[in-house]
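Asker: need coordinates for the below:
(4 chains)
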Protein chains: 2
Amino acid sequence: MARPYSYNPETALEAAMHVFWRDGYDLASLSDLQNSMGIQRGSLYKEFGSKKNLFLMAFDRYVKEFVDPGIDLLTQSDGTGKERIGRFFDMIPEEERRGCLLCNSAAGAAGTDDDIRRVVSLQMERLRKAFEQALIKENTDPGERRSEAERLTQLYIGKRVESRAVV
Amino acid sequence: MARPYSYNPETALEAAMHVFWRDGYDLASLSDLQNSMGIQRGSLYKEFGSKKNLFLMAFDRYVKEFVDPGIDLLTQSDGTGKERIGRFFDMIPEEERRGCLLCNSAAGAAGTDDDIRRVVSLQMERLRKAFEQALIKENTDPGERRSEAERLTQLYIGKRVESRAVV
DNA sequence: TAATTTGTTTACCGATCAGTCAACAATGAT
DNA sequence: ATCATTGTTGACTGATCGGTAAACAAATTA
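Answerer: Numbers count the residues shown, from 1 in each chain, chains lettered A, B, ... in the order given. The predicted structure follows:
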């Protein structure tokens, strides 16, 4: 009935995710994005609405692709909580200048944009709860469990952010 | 012999530091900067040369004003290493959306700008060494001391970055 | 084949960016 | 009072920003 798509929205979104990951929300220009995504300006806006909406969709994709597996590792994998947590931290790549899109966004756009802060905060909270769940067998005190989960979340953020500044 | 300055370069630099702290290197516009610094475009460039040089000078100022006191706390204050480290972390303000300029820069501009990455990395290294020194009495194994100092540095970064994403 | 529908392309918009520069102003020296 | 010196001002530049819209192209329907 109408002209068919000439691109795959999924792979285009994947490409956008990598641009935002590398450059951050503000530095990622529409020109960079459309080049990497292999589509033109008009198609990009028809499909994704706005730069911010494209970011939020790319962020969602990042969560599914990189955050969720980490959370599964903490909450569903075998072994003691300590083992799961060790496995989680072992998963962090060495020398990854891109860092983690979630952590980069926390330090970056989340500071000034309410919508982005909301989704970032949501994922940080998910991560903290996953640590908390992993600690259930190890530590029966809810208060201690929570503060230790907070520490572990902060340690994760610190590791990923630090890796961006390694000379 | 010539026209005298109508502004104080020190207070102008202080104002610039706060703009970079709040907005980050890229989002801080020359217009914002000159408004906050209370000087005009030409004077800004005559005094500071370029936006990046202004940032590097503002970053230096931040280090003197906020990083150095923390390092002094870790290396020169009274008590055991544990007490010093506790004092260091107690110094972190609650609910500070601005976070820490050093950590913000690590997650932000350091990822794409070599000069900024260099100065950020330098200060991260100073902080790590300060933790290491604070641990000397507590832990005599150099390897463990180093890895624990790395952990503490990452924990600090994580805490400051996380505070930017609190809803 | 003609009309309809919807994706694609690209020129264009006003705003803003970092940076420059020539006119102007305020001082001390002569 | 005039001149040399140097800080101050604000208009200006070319580039780029995010976003828009009209012309065009490719499919189905009639």
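Asker: tell me how many other residues crowd A:L127.
Answerer: Here the number of neighbours of A:L127 (other C-beta atoms under 10 Å in any protein chain shown) works out to 21. All C-beta spots, glycine's among them, are computed from the backbone N, C-alpha and C.
Asker: which residues touch it?
Answerer: A:67, A:70-71, A:153, A:156 (C-beta atoms under 8 Å, 6 or more residues apart in numbering or on different chains).
Asker: using JSON lines, lay out the residues you listed together with secondary structure, distance to chain B and pLDDT.
Answerer: Rendered in JSON lines, the data for these read as follows (DSSP: H, G, I helix; E, B strand; the rest coil; distance: C-beta to the nearest C-beta, whole Å; pLDDT from 0 to 100):
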{"residue": "A:V67", "secondary structure": "helix", "distance to chain B": "14", "pLDDT": "98"}
{"residue": "A:G70", "secondary structure": "helix", "distance to chain B": "15", "pLDDT": "98"}
{"residue": "A:I71", "secondary structure": "helix", "distance to chain B": "17", "pLDDT": "98"}
{"residue": "A:T153", "secondary structure": "helix", "distance to chain B": "7", "pLDDT": "98"}
{"residue": "A:Y156", "secondary structure": "helix", "distance to chain B": "7", "pLDDT": "98"}
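Asker: dump those into TSV; add distance to A:K82 and neighbour count as well.
Answerer: Formatted as TSV, the entries for these read as follows, by distance: C-beta to C-beta, whole Å; neighbours: other C-beta atoms under 10 Å in any protein chain shown:
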residue	distance to A:K82	neighbour count
A:V67	21	20
A:G70	16	20
A:I71	17	19
A:T153	16	22
A:Y156	15	25
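Asker: rebuild those residues as a markdown table, extending it with distance to A:F55.
Answerer: Formatted as a markdown table, the contacts of A:L127 follow (distance: C-beta to C-beta, whole Å):
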| residue | distance to A:F55 |
| --- | --- |
| A:V67 | 16 |
| A:G70 | 21 |
| A:I71 | 21 |
| A:T153 | 23 |
| A:Y156 | 22 |
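Asker: so how many other residues sit close to A:Y25?
Answerer: 22.
Asker: can I assume it is in contact with A:A107?
Answerer: No - contact between A:Y25 and A:A107 fails when scored by C-beta atoms under 8 Å: they sit 11.2 Å apart.
Asker: how much space between the residue minimising distance to the centre of chain A and B:V119?
Answerer: Computing the C-alpha centroid of chain A and ranking residues by C-alpha atoms, centre = their mean puts A:L102 first, at 3.6 Å. Using C-beta to C-beta, to the nearest Å, we find A:L102 at a distance of 25 Å from B:V119.
Asker: spell out which residues of chain A are next to chain B.
Answerer: Taking C-beta under 8 Å from any C-beta of the partner chain as the criterion, chain A approaches chain B at residues A:22-24, A:26-27, A:97-99, A:103-108, A:110-112, A:117-118, A:120-121, A:124, A:151, A:153-159, A:161-162, A:164-167.
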